[in-house]
Each structure stands twice: as C-alpha cells, then as structure tokens.
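Trainee: Everything below, folded, please.
(2 chains, ligands or ions: 2)
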Amino acid sequence: MTHYPAPAQAPLPAPPGAYSSPIPVVRTHLGHAIASEWTKIRTVRSTLWSLGVMFLLVVGIGMLMTGTVGENEYEYSPILSFGLPGVLLGQLCIVTLGVLVITSEYGTGMIRTTFTASPQRGRVLAAKAIVFFLVTFTLSTLACTIVALLNKAALEGRSINRFDGSAEHQVDTASASMGEFLRATVGVGLFMALLGLLSLAVGVLLRHSAGAITSMLGVVLLPLLASLFISQISVKEKLQEYSMPNLVGQLYGVPIHGDDGGWGLLGLLGLVTAGMLGAAYAVLRGRDV
Amino acid sequence: MIELEGLTKRFGDKLAVDRLTFTVRPGVVTGFLGPNGAGKSTTMRMMLDLDHPTGGEVRIDGRRYARLKEPLKYIGALLDAKAVHGGRSAYNHLLCLAQSNRIPRSRVDEVLDVVGLSAVARQRTKGFSLGMGQRLGIAAALLGDPEILMFDEPVNGLDPEGIHWIRHLMKRLAAEGRTVFVSSHLMSEMALTAGHLVVIGQGRLLADTSMSDFIGQNSRSFVRVRTPEPERLRDVLSAVGVSPQVAADGSFEVADMEAAKLGELAAQHHVTLHELSPQQASLEEAFMRMTAESVEYHAHSTAGLADAPGDREGAAAPRGLEEGGDGGVAGGREDGRVGDRVGDRVGDREGGREGVPVWGADWSAKRRKGSAR
Ligand SMILES: Nc1ncnc2c1ncn2[C@@H]1O[C@H](COP(=O)(O)OP(=O)(O)OP(=O)(O)O)[C@@H](O)[C@H]1O
Ligand SMILES: [Mg+2]
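Mentor: Ligands and ions are numbered 1, 2, ... in the order given. Model (predicted):
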C-alpha cells in the first residue's frame, strides 16, 4: 500500500563516454543566489507572518495613536512622533525574523543543502543580506509612510499654543517639515533594515535561534534598561544616548538624549552592522557547516 | 570522478578520518562501507566542502568543490533526508535549489515525477514520512542531472518497494556513465548494488576492491554440523585431522570437509547427527571480520584486549563491553554474531531471487566498459 509509487524504470542504453547532461553548465553568480533566497523568504509561512505582524503593528498602533491623540498632545511633540510606539514593537518582529532567516536553516539542517548547492558561502550570505535588507526596508518604509501621511492628514494645520515663558502666547500651526517626514519614513525604514541585518549577522555567529534572538533583544533593550539603574550621570547618559530606542526617538524628533536628527546614530548602526556582517562572513568561511 | 588524497579530519583529539586515499570512478556504483562512527558521513561532508579537512584534499573532476561553477550540475548529494526546512513545500524547496544553480524550473517537476512525489509536491515537507523525505533528498540530488551522485545511507527509512527502486536507480545511474558513491552499514545491501567497494574502519581505509574480488576472497564456506554427541564427533574429526570450530549455539562449523564426506564419516562411527548443512558465510561476516580486525589492531597497543583473534566465539561479548571507547566498532562486531545469521538468510534469499552472481556478472561487464575508456 504505497501512495507514492516509483515509476517504472525504462532501461536506458549506456552511452559510450562518461555521463554528460543535456542541461548546459552556466557560470552562476550572485543574481542566482538572490533569486534563490527570495524564493526561500517568500515560501515559508513564518516569514510572511512575521513581516505581516510587523506591518500591522506599525500601521495599526500608528493609527490607534493618531486616532486617540489628546486635545493638546500634539502641542508638545512633533506630529509624526505618534508613529514611534508601533515601530518600537515592530522592531521586535524584525529582530526575530532577521535571526530566523539563517538560524532556521541551521536548525533544520537546510544549511547543508544550501551550501552544497552554493559552496560560495560569502555569496549565500550576501544574497541573504541583500534580499532581507530590501524586503524589510521596503515594508517598513511603506508602513511608516502610511502612518506619517495619516498623522499629517489628521494633525497638520491644527493650531498650537506655545508658551515660551513670556506673558503673551504665540499661535502656531502644527506641521511636519520635509526633513522630519524623511526621517520618520525612510530613516525608520533604514533603521529597521539595518537592525534586521545585525540580527542576521548575530544569527550566523550563534547559529541557534533562541540564543541569537535573546542576544539581539538584549542589544535593543538592555542599554536603556540598565541606564535606569545607574546613578553615575556620565555613564547613564552614554547608555541612553546609544540605546536603540533613543535612535528611533531621534528619528521621530523625540530623543531621550542628544539630538542630531538620528542620522549620526543611524550611520553608527550601519557601521556596526557592516562590521558584524564581516565577522559573520569570516566565521562562516572558516567553520564546518 | 572523485579523488581523495590523504584526506584527514580531526575533531578535537578524535581522529574521525585518517589519511584516506582512493578514487571513485564513473560507470560503476561504489559502495562505501564502515561500521557506525567509521567516518563515512564526515568523509562525504568533506567531499562537498561542508567540513574543512584537517589534511589532504578532495578533487571533483580535478577541482575543489568550492571551485565548481555550478555544483549541482557536477554532484548531487543526499547526505541527510532531514536537511530541509519543514515549512516549505517540496516544490519550493527544489525550486530554490534549482534557482541557485540556474537549473530550469521544468526540471523541478521532472525530478518530483522521477521520485514519485508529484502528488504531494505542494505540501509542506514537515508532514512527510521518513521515506518521503528520503525521496525528496534524492530528487534534490538528481536536480542538476549531475555526473556524480553521492548518497549517505539512502535506503534508510524506505519501504521494500522503495529499496528495490533505489537499488535500480543507482545501477541505472552508474550504467549511464555517472559516478555513484553510496554509503551503507550493510554488506548484503552493497552486494546487490555495488560493483566496487571501499571499506573504512575508524577513519582508515581497510579495503578498496572490486565487489567480485571481495566476494571471491571472503566467501568462506563451511559445513554446519549439529550433534547430541559433540565429544565423540570431535574425536572422530580430529582422528582425520579436522578441527571444527564451535559456534555460539554449540553447533560445529567444519571448514575443511565436504558435507557428504562428513556425513559418511559420522555414519561409519555411528555418531548421531541432527543437522548437516553446507553454509556460505555471508559477506556481512567477512565485513565484520575485516572491521573487527581494525579494532583489535588498535586494542593490542592499548592493552585490555585478549589476543587470539581466531577465537571469535566465546569472548566476543565481554570483549565488546571491556572496550568502552571503541564500543561502536567492537559492539558492531558483537552485533555481527547475531546479524550474521539474519544476514545469511536475507542474503541467501535476495541472492536466490535477484541473483548475486548475475549482478556480479553485470558489474564486471560494466567495469570492463569503464576501464576500456
Ligand atoms: N561535528 C563533529 N564534532 C565532533 N565529532 C564528530 C563530528 N562529526 C563526527 N564526529 C565523530 O567522527 C566520527 C565519525 O563520524 P561519522 O558520522 O562520519 O561516522 P559514520 O561512518 O557516518 O557513522 P554512521 O554509520 O553511524 O552514520 C564519530 O566518532 C563521530 O563521533
Ligand atoms: Mg553517517
């Protein structure tokens, strides 16, 4: 009672020479690896779920925040900053997914199949990184743009009463500059994508899903949490300044510490990520799969 | 063609593969045998550049694996049926492999059809049975229509029909002029498929020989005699200069006398016989003997192990226990005592139906073709 019958095998005549396939040999390159990784990402439900949840968190919470914005709340914070809470949650999905892109292959043994098909490990890593970067960047930027536009539509033009200490108060209208808009969309998209790549690199280094996710959560959350328990001001401020939430805060114009619009910290994150990817490549090359 | 030269792999202070040098040639199925832990899988991983050798090298058609432009086109490998992401469908699994090697999409459907998985191609592989997983692995190996195929214990988990199928698949692939390299624990299995044999034990090369030579050298024949009067029979036999070996169940194994003569001799001396049967020692046993010797060779230098490699009966069990560290192989040898008898029967039956000699003839024909090239 076999459900998957093997077809009958026609006896083939043995050709005279050694076997040569009719499929032509072609030099493979990064493009093929990218196509392969793209197929991998889009054909596993868990990745689609994680990306979907990320998208829903950013957009959903963004909408919720905008909808429930209090009477005068927008007087104190930039109007786009209501997208922040959604991103803080959404980044956790990106971390998980970035790690899983590689650790799920180690966990299932798929990595051996992958490296048998593409023994150039650097190429595989590059393809994974490129595909994952583009996917997360596109999706996060899209989600953030929706939220930003929503915020703009709902809040822009409302009048703001600014009390600057002097007796008379000035009347102003709430607005978001182009720079603010770019930071809250492309800036945040870049942040998410870089965070995803950093997670990918940590996943390569550690190979275990749980370990890598935990480490990445530590990187994201620990500096800020630790700063709460440290009394030494200089250390406390450094920890706050270089914490991930501060980076997102800066991008949204609501920093915990320091304010250069977030591009400086984003550049730093880019450097760290590049360094970690380099380390991941070095380790990957030298290691037995 | 796969060439190994002084291939060595060390894990910590464990030498898993020890200076292996041999060549796997096209046109013939090469069986790769060794007991558990002999280093077969490690060797295969090094062939695919998954593990880095501590020493020596492997060349595929003269090049290192990582230098191959389109590796699936050269080598198809089934190392581990579970090396698959369970959340992906069989079709998509093969598709992503195909894309990385620029293999046309249509080929995915083709190989799914070849292994008989077309009906479940869109199902996630998580729900696949062991045998279905094995078939998927074989499909992946065939994907690039490669000239070299490598299977690590391919019959694992396959039903009898599947085993039959893969035996024929391997022979057919070899007949097409491909290089087929298959690992196994089972000599009887290899006897049915392989034309050439590479045996390793504890990472070392023990034999690199054609199957027919191996059969010729190792098929020991003897006569099994069972009697209620063992002492008398022994006296009768030693009077004519024959010393029987005593098997674990108390029966005698007589190597130097034909069954008919033995029966006549017993009748002359009025010794009652309960059994008198000519036996062909299985290849399995020859394999066991070969690998067990590699263990004994080691054990002499480490102490603890009794000498007298000839005295195979009584001491086998305690020896296996004593040995501790080498338990894999020594234990395997002990298993061998049990396995032999089973193996005998399986071997005989298979031999009767499919005919070992017939296949043997077939292989030698292929080998001639191969060497003429
Ligand atoms: N990654 C590893 N780290 C440490 N030791 C290893 C590793 N892989 C294999 N070994 C050791 O190397 C030896 C050879 O293992 P290998 O899996 O190659 O044997 P095998 O011949 O395939 O055995 P089996 O027939 O059971 O599959 C074993 O003793 C094993 O413990
Ligand atoms: Mg193995």
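Trainee: Okay, residue A:183 and residue A:129: tell me how far apart.
Mentor: 24 Å (C-beta to C-beta, to the nearest Å). Every residue, glycine included, has its C-beta placed from N, CA and C.
Trainee: Please apply the same query to residue B:15.
Mentor: According to C-beta to C-beta, residue B:15 and residue A:129 sit 37 Å apart.
Trainee: Between the two, tell me which one has more neighbours.
Mentor: residue A:129 (24 against 16; other C-beta atoms under 10 Å in any protein chain shown).
Trainee: and residue A:3, what pLDDT?
Mentor: pLDDT, residue A:3: 47.
Trainee: swap in the one 10 residues further on?
Mentor: For residue A:13, the model assigns a pLDDT of 39.
Trainee: in chain A, which spans are strands?
Mentor: Assigned by DSSP state E, chain A shows strands spanning A:159-162, A:170-173.
Trainee: In the stretch 51-200 of chain B, what residue lies closest to ligand 1?
Mentor: Residue of the stretch 51-200 of chain B nearest ligand 1, by C-beta to the nearest ligand atom: residue B:185 (5.6 Å).
Trainee: Need the phi and psi values for that residue.
Mentor: Residue B:185 adopts backbone torsions of phi -100, psi -20, taken as degrees, to the nearest 10.
Trainee: Next: residue B:160.
Mentor: Per-residue torsions, residue B:160: phi -50, psi -40 (degrees, to the nearest 10).
Trainee: Residue B:166 versus that one, what's the distance?
Mentor: Here the criterion is C-beta to C-beta. By it, residue B:160 lies 11 Å from residue B:166.
Trainee: do the same with residue A:88
Mentor: Taken as C-beta to C-beta, the span from residue A:88 to residue B:166 is 54 Å.
Trainee: Those two: which is more packed in?
Mentor: Neighbours of residue A:88 and residue B:166, each counted by other C-beta under 10 Å, are more numerous for residue B:166; the result is 22 against 18.
Trainee: check contacts around that one.
Mentor: Contact analysis of residue B:166 by C-beta atoms under 8 Å, 6 or more residues apart in numbering or on different chains lists B:138, B:151, B:154, B:155, B:158.
Trainee: Residue A:213 now?
Mentor: Counting by C-beta under 8 Å, 6+ apart, residue A:213 touches A:95, A:96, A:99, A:199.
Trainee: pretty sure the second one is touching residue A:51, no?
Mentor: I take that to be residue A:96. No: at 10.6 Å, residue A:96 and residue A:51 do not qualify as touching, with contact defined as C-beta atoms under 8 Å.
Trainee: Correct me if wrong: residue A:144 contacts residue A:191.
Mentor: No: contact criterion C-beta under 8 Å: residue A:144 and residue A:191 do not qualify, at 9.6 Å.
Trainee: List the residues that contact the residue in the stretch 51-200 of chain A positioned nearest to ligand 1.
Mentor: With C-beta to the nearest ligand atom as the measure, residue A:112 is the residue of the stretch 51-200 of chain A nearest to ligand 1, at 11.8 Å. Neighbouring residues of residue A:112 by C-beta under 8 Å, 6+ apart: A:289, B:45, B:50, B:79, B:80, B:83.
Trainee: what about the third one, which SS state?
Mentor: The three-state assignment at residue B:50 reads coil, by DSSP: H, G, I helix; E, B strand; the rest coil.
Trainee: I am assuming residue A:122 contacts residue A:286, so please confirm or correct that.
Mentor: No: Residue A:122 is beyond contact range of residue A:286, at 11.8 Å (criterion: C-beta under 8 Å).
Trainee: Tell me if I'm right that residue A:183 and residue A:255 touch.
Mentor: No: under the criterion of C-beta under 8 Å, residue A:183 makes no contact with residue A:255, lying 11.4 Å away.
Trainee: out of those two, which sits in the busier spot?
Mentor: The neighbour count for residue A:183 versus residue A:255, taken as other C-beta under 10 Å, is higher for residue A:183 (26 against 20).
Trainee: and that one, what is it in contact with?
Mentor: For residue A:183, the contacting residues are A:251, A:252, A:253, A:261, A:262, A:263, by C-beta under 8 Å, 6+ apart.
Trainee: That one and residue A:266, how far apart?
Mentor: Noted for residue A:183: a distance of 9 Å to residue A:266, by C-beta to C-beta.
Trainee: list residues touching both of the two?
Mentor: Shared contacts of residue A:183 and residue A:266, defined by C-beta under 8 Å, 6+ apart, comprise residue A:251.
Trainee: Next, the contact list for residue 30, please.
Mentor: Unless you meant another one, I'm taking chain A. With contacts defined as C-beta under 8 Å, 6+ apart, residue A:30 is in contact with A:123, A:126, A:127.
Trainee: Can you look at chain B instead?
Mentor: B:24, B:179, B:180, B:181, B:182, B:194, B:195, B:196, B:197, B:198.
Trainee: rerun that using 7 Å as the cut-off
Mentor: By C-beta atoms under 7 Å, 6 or more residues apart in numbering or on different chains, the residues touching residue B:30 are B:24, B:180, B:181, B:194, B:196, B:198.
Trainee: Can you verify it is assigned to a helix?
Mentor: No: counting by three-state DSSP, residue B:30 falls outside a helix, being strand.
Trainee: The chain: helices as residue ranges?
Mentor: With no chain named, the answer covers chain A. Along chain A, counting by DSSP state H, helices occupy A:30-42, A:45-67, A:84-108, A:110-117, A:121-155, A:178-182, A:188-206, A:209-228, A:233-241, A:244-251, A:263-286.
Trainee: look at chain B instead
Mentor: Along chain B, counting by DSSP H, helices occupy B:40-47, B:71-74, B:90-100, B:106-114, B:130-142, B:160-175, B:187-193, B:211-218, B:230-239, B:259-268, B:283-302, B:316-323, B:327-354, B:356-372.
Trainee: quick one, the third one and helix B:130-142 angle?
Mentor: Going by axes from the mean of the first three to the mean of the last three C-alpha atoms, to 10 degrees, helix B:90-100 is angled at 20 degrees with respect to helix B:130-142.
Trainee: a markdown table for the helices of chain A, including mean pLDDT?
Mentor: As requested, the helices of chain A are exported to a markdown table (pLDDT from 0 to 100):
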| stretch | mean pLDDT |
| --- | --- |
| helix A:30-42 | 95 |
| helix A:45-67 | 91 |
| helix A:84-108 | 94 |
| helix A:110-117 | 94 |
| helix A:121-155 | 94 |
| helix A:178-182 | 89 |
| helix A:188-206 | 97 |
| helix A:209-228 | 93 |
| helix A:233-241 | 89 |
| helix A:244-251 | 92 |
| helix A:263-286 | 95 |
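Trainee: Quickly compare these and say which is most buried.
Mentor: Most buried of those by mean neighbour count (mean count of other C-beta atoms under 10 Å in any protein chain shown) is helix A:188-206; its value is a mean of 26.
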